[in-house]
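Q: Attaching a predicted model along with its sequence, questions to come.
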Amino acid sequence: MIYNTRAELIICERENINDTAFVELVVWLVPVPLAGSVHNFKYRLALVIEGECVMRYDNEAGKGDHRHIDGREEAYVFKDPETPLADFYDDVERILS
């Protein structure tokens with residue numbers, strides 16, 4: 001078993017959207033892709049409203065890239081490091097509008 005002990009934190013941010021909502025972005029560069037992923041990033045992009053995570057993009061080991069949105073979990077195709085951030089913020093905008 002290979003462990004990602006040399007992971008490098010790339011992003012760790014929490015941004016308040018308004019009085020009741022915030023986004024949290026956590027991205028690691030890992031030396032070995034997680035099980036189910038083909039890239040070297042471990043990430044969690046979350047939208048929290050009134051203390052509840054209403055949307056999340058992540059790549060949990062064994063599940064691969066996916067997102068939790070509109071009460072369901074669905075596969076997500078990771079193209080490059082920038083695309084999940086852009087897609088995430090598009091969904092944030094849609095949810096908050």
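A: Nice, I can see it.

Q: helix/strand/coil for Glu24?
A: strand (DSSP: H, G, I helix; E, B strand; the rest coil).

Q: My read is that it contacts Tyr43, right?
A: No. Glu24 is beyond contact range of Tyr43, at 11.0 Å (criterion: CB atoms under 8 Å). (C-beta placed from N, C-alpha, C; glycine too.)

Q: Look at these two and report which has more neighbours.
A: Tyr43 (24 against 15; other CB atoms under 10 Å).

Q: Bridged to the spatially closest residue to the more buried one that is not a sequence neighbour, which residues?
A: What sits nearest to Tyr43 in space, not counting adjacent residues and going by CB to CB, 6 or more residues apart in numbering, is Val27, at 4.5 Å. Legend: beta-bridge partners of Val27 under DSSP bridges are Ile11, Tyr43.

Q: which residues touch Val27?
A: Val27 is in contact with Leu9, Ile10, Ile11, Cys12, Phe41, Lys42, Tyr43, Arg44, Pro81, counting by CB atoms under 8 Å, 6 or more residues apart in numbering.

Q: Quick check, the last one in contact with Leu45.
A: No. The pair Pro81 and Leu45 fails to qualify as a contact (CB under 8 Å) at a distance of 11.6 Å.

Q: between the two, who's got more neighbours?
A: Leu45 (22 against 15).

Q: That one touches Cys53, doesn't it?
A: No. Applying CB under 8 Å, one finds Leu45 not in contact with Cys53, separated by 10.6 Å.

Q: ok so, going back, from the contacts of Val27, list just the buried residues.
A: Of all those considered here, the ones buried according to neighbour count by 16 or more other CB atoms under 10 Å are Phe41, Lys42, Tyr43, Arg44.

Q: Poorly predicted segments of the protein, please.
A: Residues of the chain meeting the criterion pLDDT under 70: 1-5.

Q: Show me where the chain has its helices.
A: In the chain, the helices defined using DSSP state H lie at 82-96.

Q: what's His68 in contact with, if anything?
A: Contacts for His68 were tallied using CB under 8 Å, 6+ apart; they are Cys53, Met55, Arg56, Tyr57, Asp58.
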